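A.B. asks: Next come a sequence and a model predicted from it.
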Amino acid sequence: MRYIAIRFVRSLVTLWLVVTLVFFGMRLAGDPIRIMLGDTASPADIARVREAYGLDQPFVVQYVKYSANVAQGDFGNSLSERRPVTDVLRERLPATLQLTVLSMLIALLIGIPAGLIAAVRRNSAIDRLIIAVTFVGQAVPGFFIAILFITLFAVTWGLLPSSGRGDWRYLVMPVAALVWGDLASIARITRVSVLEVLNADYVRTARAKGLRRNQVLIWHVIRNALVPVLTMLGFMLAGTVAGAIVVENVFAWPGMGRVLQNAVLKRDFPLIQAVVMLIGIAVVIVNLLVDMVYGIVDPRIGKP
Amino acid sequence: MKSSRTSSLLTNDVTRRDLMRLLGVGVAAGALGVSGARVLAQEASPVVGDRPEITIGVQALPATFDPAVDYSNVSLRTFYSIYDYLVEYDYLGGDTPGMGSELIPSLVTAWTEIDELTTEFTLRDDVTFHDGSKLTANDVKYTVDRVIGPDADATLTSFTTSLFPGFASVEVIDDVTFRIITTAPKQGLVNTFAYGQFWVLPQAYLEEVGNEEFGRNPIGTGPYRFVEFVADDRLILDAYDGYWGSPAAFSKVTFRVIPEDATRIAALQSKELNIITNVPPDQMLQLANDSSLVTSSLPLANAHIYMFNTNHPNVANKLVRQGLNRGFDRKAIISTLWQGMADYMGSFQIPSWGDFYNPDRDAYAFDVDAAKALLEEGGYNGEEIVYSTLNGYYVLGVEVAQVIVASWQALGVNARVEVVDQWAPDETTMMITWSNDLLPNEPSHTFWRIWGADGIAQLYGFWTPQDARYNGEFGETLLTSSDQAARVAAYQSILDIWDDEAPAGILYNQHATYVEQAGTGWQPYTIYGMDLR
Amino acid sequence: MRMWKTLRRAPWSIRLALLALLAVVLMAVFSPIVAPYNPEAQDLLGRLASPGSTSTLSGYHLLGTDALGRDIFSRVIYGARVSITFAVLGTVVGLVIGTLLGLIAGYVGGRIDHAIMFLVDVQQSIPFIVLCLVAIAIFGNSQTVLIPLIGLAGWEGYARYARAGGLAARNSQYVLASQAMGASPAQIVLRHVLPNAVAPIIVVATLNVTGVILLESSLSFLGLGVQPPTPTWGSMISDGRQYLGSAWWMAVMPGAAMIITTLSVTLVGDWIRDMMDPTIRQR
């Protein structure tokens, strides 16, 4: 338990460091006031508005103010949408959660068995087939698959709605387009780690002892092979959100990926910082959960 | 000397607006499968419950609905249905539907010039805001003062100094009369209120709820009422039955955001949308083959240009700039990349400006030899010329940039493209893409607002006219003289200087492109705003 | 000699993949010779020409032309240059930095280990697009900036495995013995630690190569990648996506090239890994 608590605190510190980096980095990368006022504003106008928003003060001063506010739960107002950042996130988070959680679940449900089978039947036709299929989905850029799906299923065959968010029918294509990246990674990682475990000494010993093949497989192999997959889970989440940016764009899915993309384009500092924090927190939570599961799955960890 | 201009409302309304509305109702009803009587041209008034709903696919929606905060082509499109201007251009009049340029009354019924600094306007007395309150001249004063008055709120970001140069004050005479007073005689004053910023806002409501809440729940005098807005997803409006003008053609309008072009087109083809906007020219061609769709394109009240930084040593010599201006074939770009959906401009002028337009003026005629000669005469010596273009903001901007740079390279110029993701030119910029409004009627409220003495271009410091008469006598005449012939002559002189000193190069006057389901019957205008009456 | 033998025993799919990779590398290295046209030569009148058509101005186009009339075949060939460069150099950058840091972290342990793992956490928590934007805004988006940037996108993968290797080695008999005999840390690391960590690192590398190529494509999609008119597979696919219904060859040709390359890399990578794993080699 103490181990987990330490990890938690360390993660929060990491998170804050990330936010700080983003804070200063974004301010070096552009000027939101310029963008806000568009290409018809004079330098005097820009200066005037910048002052009204407090962005003309030295970065460090801004940083101190921001940190103080965050400590009190105030994450500022979005510059582009002119309302509290928390409102924006609250509105758009569920959409992306829906997409990413569903996508990662499906990737796990299909990817782990696929990797397992591929490893058990190594070098066979099925092994190569699984690698190739999961791989092709990952190698083709997300927007390519997405537009292909839309053209086929929405325009040509009229089976599914082309874009936007609504009932379950609207979910099918975006998830189908997003799932490939994680699917391929999970399958490959599972395959490799299962292969390693299959040939590890203790497994050979267990088999030598005469345990039936299936028993050996399910109990020892899966438990140990899962470890690398679990390790990557938290960070796969961050990667999935990045993939969601493209998918949300193509499918006009009103989620956080779009929020982040627009915020970055418009240099909407408060919003960018808040989204980074949110993603970071999500990753931290997932990693914590993974650590707790570790304790159950892998008996080697957690001992003093 | 008094000059008064009034216009009759009746003929405009019954003939054109009614026809369009009825077309919209009757045929759209059929297209959407609503079974209802086919409405013939001479019917008196449609039953409210019969009006269909419509869904429009757009690339983006504004983040807030306060016109003083968001002023962009994205916001203009939807604000047009929620708010009204004091005056309008008669878009449906004239030779080409959607391109009309005559000023006609809107919220005001008439205007007269009291003296050369004062113009008096008379408001309609039957206009109500969406909350039922009556429009008075106080609302007009409030709207104007809010952005450019002495106590203007600094956080209202689209308050720019070039909004209304020369503004002095608004004087309210009574509930339906007010006067606009300027610091100097200002020709073309009324044009300022036909476009852009000055949608009339309700003083009482705004003062009650404050700026931020107003931006989320706006109220205007327009034909449609704001219902719901989900950021970056959809905007829903429904018809306002207390509207003073031609009633809304649809009972409900939904604007859906679909940023990706291919998806937006797919949604139209799968019949999920009725109209889509911003369709790239190549795709327009393809969709024109589909008989269930109707494509339309007409010149936008806007031109793509590039602006030079005349202070940068590599382009400081005006002959070099002239050479670059003439060094690529605009007409070829228009006919190939734009599929003809853009108009060639010889300088900063459009035909609807009447006498101000000189068809013989052409500063950009493509001529390889002339261009080379100009470059050499200007002392060009192989310095790098960097053409900066915004990524994805101007339609075909990056593609056109590559064509232009390739043409220049063929002339022997050491040119290259630089794609930037922010419009932030500084002293290292040599030239950057830009767009300028090309509003109807006459140049002083459009060209001069941008390139004049107090205009953005000069304020940026990238160019100061070497010929002092530009800002001096020519500019003054254009702005203040009441002698039309003198103004026309002054504008010709202004353009002569502008062409010669070449602080910029105009690319073309691009078209706005729309595709709709056959039978929707909607007519686009030259401005960004969509008229859904 | 041994390598030749293993090659000969390789299944046909692997041989095909190796051949494909060879072709791509040759295309990349010898682009000026292989490509029929200048990839930046425009032909406005011959825009969007379908594969196999001939334009009066610019001649025969095996794979068609794009929106500015440029020959797609030539652009795919030159695009290989960019992709291979990114893939190889980017992976090398990530691999070297990641492995080094990981090895040090695992072997030395203690505070340095914590510091390096901290760095890993930090980097994995920032959405890559934000990191890219900041870096590009500060350093510009020339290829010299983009390659290390993209390479850095995957360094933590190498670091983790290298660190595991370093950790294991630290306590192994080999290493203790070598230390006792006076070998320097560098020698120990190179001689004993590295070989054990190599196999998973290769898998990570092959996973990352495809990732690198895809990353370049995503950056182009967002407008942050290599500047036009330099052809890259990623930007070609991005430019061609609105023409999928009409001039599909604009996106499909570079897409096919990308898929073939990444598929081959993956298959070969897995095969090499399988070959190098001593526990699996019996078969």
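C.D. replies: Right, received. Where do you want to start?

A.B. asks: helices or strands up against the strand or helix carrying B:S75?
C.D. replies: In the assignment (DSSP states H and E), B:S75 maps to helix B:73-82. Identification of packing neighbours for helix B:73-82 by 3 or more Cβ pairs under 8 Å, 6 or more residues apart in numbering or on different chains; DSSP states H and E yields strand B:224-230, strand B:234-239, strand B:252-257. To be clear about C-beta, it is placed using only N, CA and C from the backbone, and glycine gets the same treatment.

A.B. asks: Can you give me the buried ones in the second one?
C.D. replies: The neighbour-count criterion (16 or more other Cβ atoms under 10 Å in any protein chain shown) identifies B:R234, B:L235, B:I236, B:L237, B:D238, B:A239 as the buried residues of strand B:234-239.

A.B. asks: quick check, nearest of the residues you listed to chain C?
C.D. replies: B:R234 (22.7 Å; Cβ to the nearest Cβ).

A.B. asks: Report the beta-bridge partners for that closest one.
C.D. replies: Applying DSSP bridges to B:R234 gives these bridge partners: B:V230, B:R256.

A.B. asks: and what of the one 4 residues further on?
C.D. replies: When assigned by DSSP bridges, B:D238 has beta-bridge partners B:R225, B:K252.

A.B. asks: Would you state the helices of the chain in chain order?
C.D. replies: All of this is about chain A. Using DSSP state H, the helices found in chain A span residues A:2-29, A:32-37, A:43-52, A:59-71, A:85-120, A:125-139, A:142-149, A:168-198, A:201-208, A:213-216, A:222-250, A:256-265, A:269-297.

A.B. asks: Chain C was what I was after
C.D. replies: Assigned by DSSP H, chain C shows helices spanning C:2-9, C:12-29, C:31-34, C:72-108, C:110-125, C:128-139, C:143-152, C:155-170, C:173-180, C:185-188, C:194-221, C:233-240, C:249-276.

A.B. asks: which residues touch the helix holding B:S75?
C.D. replies: B:58-62, B:65, B:67, B:199, B:218, B:220, B:222-226, B:235, B:237, B:248, B:253, B:255, B:277, B:302, B:527-532 (Cβ atoms under 8 Å, 6 or more residues apart in numbering or on different chains).

A.B. asks: Show the contacting residues for the closest residue to A:V250 other than its chain neighbours.
C.D. replies: Nearest in space to A:V250, with sequence neighbours left out and distances taken as Cβ to Cβ, 6 or more residues apart in numbering or on different chains, is A:A146 at 4.1 Å. By Cβ under 8 Å, 6+ apart, A:A146 lies in contact with A:M173, A:P174, A:A177, A:V246, A:V247, A:V250, A:F251.

A.B. asks: For the last one, grab phi and psi.
C.D. replies: Summarising the backbone geometry of A:F251 under the convention degrees, to the nearest 10, its torsions are phi -90, psi 10.

A.B. asks: roughly how far apart are it and A:F143?
C.D. replies: Look at A:F251 and A:F143: by Cβ to Cβ, to the nearest Å, they are 10 Å apart.

A.B. asks: out of the two, which sits in the busier spot?
C.D. replies: When A:F251 and A:F143 are compared on other Cβ atoms under 10 Å in any protein chain shown, the one with more neighbours turns out to be A:F251, at 31 against 25.

A.B. asks: In this structure the more buried one contacts B:T263, no?
C.D. replies: Yes - counting by Cβ atoms under 8 Å, A:F251 touches B:T263, with 6.7 Å between them.

A.B. asks: Quick check: neighbours shared by these two?
C.D. replies: With Cβ under 8 Å, 6+ apart, A:F251 and B:T263 have common neighbours A:I150, A:S162, A:S163.

A.B. asks: so what's the second one closest to, chain neighbours aside?
C.D. replies: Sequence neighbours aside, A:A154 is the residue nearest to A:S162 in space, at 3.6 Å (criterion: Cβ to Cβ, 6+ apart).

A.B. asks: pLDDT score for the one you found?
C.D. replies: pLDDT, A:A154: 82.

A.B. asks: What count of nearby residues applies to it?
C.D. replies: Applying other Cβ under 10 Å, I find that A:A154 has 21 neighbouring residues.

A.B. asks: circling back: take the shared contacts of A:F251 and B:T263 and lay them out in a markdown table including pLDDT and neighbour count.
C.D. replies: Shown next, in a markdown table, are the shared contacts of A:F251 and B:T263 (pLDDT from 0 to 100; neighbours: other Cβ atoms under 10 Å in any protein chain shown):
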| residue | pLDDT | neighbour count |
| --- | --- | --- |
| A:I150 | 84 | 28 |
| A:S162 | 80 | 30 |
| A:S163 | 81 | 29 |
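
A.B. asks: Nearest to B:L495 among these?
C.D. replies: A:S163 (45.9 Å; Cβ to Cβ).

A.B. asks: so who does the residue nearest to B:V127 when sequence neighbours are not counted touch?
C.D. replies: In space, and not counting its chain neighbours, B:V127 is closest to B:L135: 4.0 Å by Cβ to Cβ, 6+ apart. Applying Cβ under 8 Å, 6+ apart, we find B:L135 in contact with B:L107, B:L123, B:R124, B:V127, B:T128, B:F129, B:V200, B:P202, B:T221.

A.B. asks: Those residues: which two are farthest apart?
C.D. replies: Across these, the longest distance by Cβ to Cβ is 15.1 Å; it joins B:R124 and B:P202.

A.B. asks: More neighbours: which of the two?
C.D. replies: Per other Cβ under 10 Å, whichever of B:R124 and B:P202 has more neighbours is B:P202, with 25 against 17.

A.B. asks: Let me know whether that one touches B:I219 as I believe.
C.D. replies: Yes - with contact defined as Cβ under 8 Å, B:P202 reaches B:I219; the gap is 5.4 Å.

A.B. asks: Return every residue with contacts to both of these two.
C.D. replies: Taking Cβ under 8 Å, 6+ apart as the criterion, B:P202 and B:I219 both touch B:F129, B:D131.

A.B. asks: Would you check how far apart the closest residue to chain C within the stretch 351-500 of chain B and B:L300 are?
C.D. replies: Distances between the stretch 351-500 of chain B and chain C by Cβ to the nearest Cβ are smallest at B:N391, namely 3.8 Å. Plainly put, B:N391 is 21 Å away from B:L300 if you go by Cβ to Cβ.

A.B. asks: Thanks a lot, catch you later.
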